[in-house]
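Engineer: the following block contains a protein sequence and its predicted model.
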Amino acid sequence: MTEQEKQSPDEQEPVHRDPDEDAVKDGTRQDDGDQVSTDDAAAPGIPDTAIPELVIISGMSGAGRSTAAKCLEDLGWFVVDNLPPALIPTMVELGARSQGNVARIAVVVDVRGRRFFDNLRESLADLEAKHVTRRIVFLESSDDALVRRFESVRRPHPLQGDGRIVDGIEAERELLRELRGDADLVIDTSSLNVHELRAKMDAQFAGDEEPELRATVMSFGFKYGLPVDADLVADMRFLPNPHWVPELRPFNGLNEDVAAYVFNQPGAKEFLDRYAELLRLVAAGYRREGKRYVTIAIGCTGGKHRSVAMSEKLAARLAAEGVETVVVHRDMGRE
């Protein structure tokens, strides 16, 4: 692990960041793994054949609720932040009526909705009557860690009022004490970075499947500038340019003759093979670190011939290896 990864999330992120996106320590209770009830007597209003799975994320402000929610969102959950507890049964009912499009719902409940917090127990009882399996994930942290995170982002605690940060933390602990006792999974906040938190959430909710990686392969022209969102950049200008072949100039890299010309050049096929091998190594590391999205930029002079042809072939390789891949030709057609 690098020195940067050993730092707390507060030290890794810009000062304007919400402290809730800090990572946290592993918890003390494990999920019981219950599944949705198959009882015949489902309550009116929710079809018993399509009841979605529900996770409620709560815990101390600054303890990692936002990071946990984003992790579930990347795993395919439908995530709703700061939903009043009284509306949770309604959200579940809407999910049940989505014809399977919303099969897993995660709801973030916190002290920002404290006016509605007393309704949470009533909502949980309502869900139980409707045979909805719910799990509560509670994000916890030490006072010292929470104070350090709030001070690093220069934001007040939502409950401190005119007092100190520690006063807000104490008030929040008391408010959430009962919910913490009901939690199915408690993750203690103290020393993990965001990657380690994501790994723990993956272990609980991703099942036996390896976390999915999504790739965007983007062709571009260097003369129009580098893509600002590129994670990896490769330069195809080491290959001869079809632009200087009169019969190929009007076409782009999607044309079969242009693609054949590009891949018949010395080094083209070798580059494709070795770069695809490199990406397999990088993709495995991205998955371990909890990274879900990667943008691979392939450039040539104008983004019309070489980069387009190479991007298509590379995307096909990634897709064949199980990576969900989208191809974007940023500059094709600009000339």
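Structural biologist: Arrived safely, thanks for sending.
Engineer: hey, let's count contacts and neighbours off CA atoms from now on
Structural biologist: Noted.
Engineer: hang on, residue 105 in a strand?
Structural biologist: Yes. Remark: residue 105 belongs to a strand, assigned using DSSP: H, G, I helix; E, B strand; the rest coil.
Engineer: surely it meets residue 55?
Structural biologist: Yes. In this structure, residue 105 sits in contact with residue 55. The criterion is CA atoms under 8 Å, and the distance is 6.3 Å.
Engineer: which neighbours do the two share?
Structural biologist: Contact criterion CA atoms under 8 Å, 6 or more residues apart in numbering; residues shared by residue 105 and residue 55: none found.
Engineer: ranges for the strands of the stretch 101-250 of the chain?
Structural biologist: For the stretch 101-250 of the chain, applying DSSP state E, counting those that start in this stretch gives strands covering 104-108, 134-139, 185-187, 214-221, 232-235.
Engineer: could you list every helix and strand in contact with the third one?
Structural biologist: What that stands for is strand 185-187. strand 27-29, strand 134-139 (3 or more CA pairs under 8 Å, 6 or more residues apart in numbering; DSSP states H and E).
Engineer: these two touch, right, residue 60 and residue 143?
Structural biologist: No. Under the contact definition of CA under 8 Å, residue 60 does not touch residue 143, with a separation of 10.0 Å.
Engineer: mind naming the longest helix for the protein?
Structural biologist: Ranked by number of residues, the top helix in the chain under DSSP state H is helix 268-288.
Engineer: just want the angle from it to strand 214-221.
Structural biologist: Here helix 268-288 points in a direction 140 degrees away from that of strand 214-221 (axes from the mean of the first three to the mean of the last three CA atoms, to 10 degrees).
Engineer: picking up where we left off before, weakest of the helices and strands packed on strand 185-187 by average pLDDT?
Structural biologist: If you rank those by mean pLDDT, strand 27-29 sits at the bottom with a mean of 39.
Engineer: including distance to residue 161 and mean neighbour count, could the strands of the stretch 101-250 of the chain go into CSV?
Structural biologist: Below are the strands of the stretch 101-250 of the chain laid out as CSV (distance: least, CA to CA, whole Å; neighbours: other CA atoms under 10 Å):
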stretch, distance to residue 161, mean neighbour count
strand 104-108, 23, 23
strand 134-139, 22, 24
strand 185-187, 27, 23
strand 214-221, 43, 25
strand 232-235, 46, 14
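Engineer: which of these has the lowest mean pLDDT?
Structural biologist: Within these, the stretch with the lowest mean pLDDT is strand 185-187, showing a mean of 84.
Engineer: name the element residue 326 belongs to?
Structural biologist: strand 324-329 (DSSP states H and E).
Engineer: number of residues surrounding residue 171?
Structural biologist: For residue 171, the neighbour count with other CA atoms under 10 Å is 12.
Engineer: pretty sure residue 173 sits against residue 60.
Structural biologist: Yes. Residue 173 sits in contact with residue 60 when judged by CA under 8 Å, with a separation of 7.1 Å.
Engineer: okay, the two: which has more neighbours?
Structural biologist: Set residue 173 next to residue 60 and count neighbours by other CA under 10 Å: residue 60 wins out with 25 against 17.
Engineer: residue most distant from the centroid, the protein?
Structural biologist: Residue farthest from the centre of the chain, counting by CA atoms, centre = their mean, is residue 246 at 46.4 Å.
Engineer: in the stretch 51-200 of the chain, where is pLDDT below threshold?
Structural biologist: Across the stretch 51-200 of the chain, residues meeting the criterion (pLDDT under 70) sit at 112-118, 189-192.
Engineer: which residues of it fall in helices?
Structural biologist: Assigned helices in the stretch 51-200 of the chain, in chain order: 65-74, 88-96, 120-129, 143-153, 165-182, 194-205 (criterion: DSSP state H, counting those that start in this stretch).
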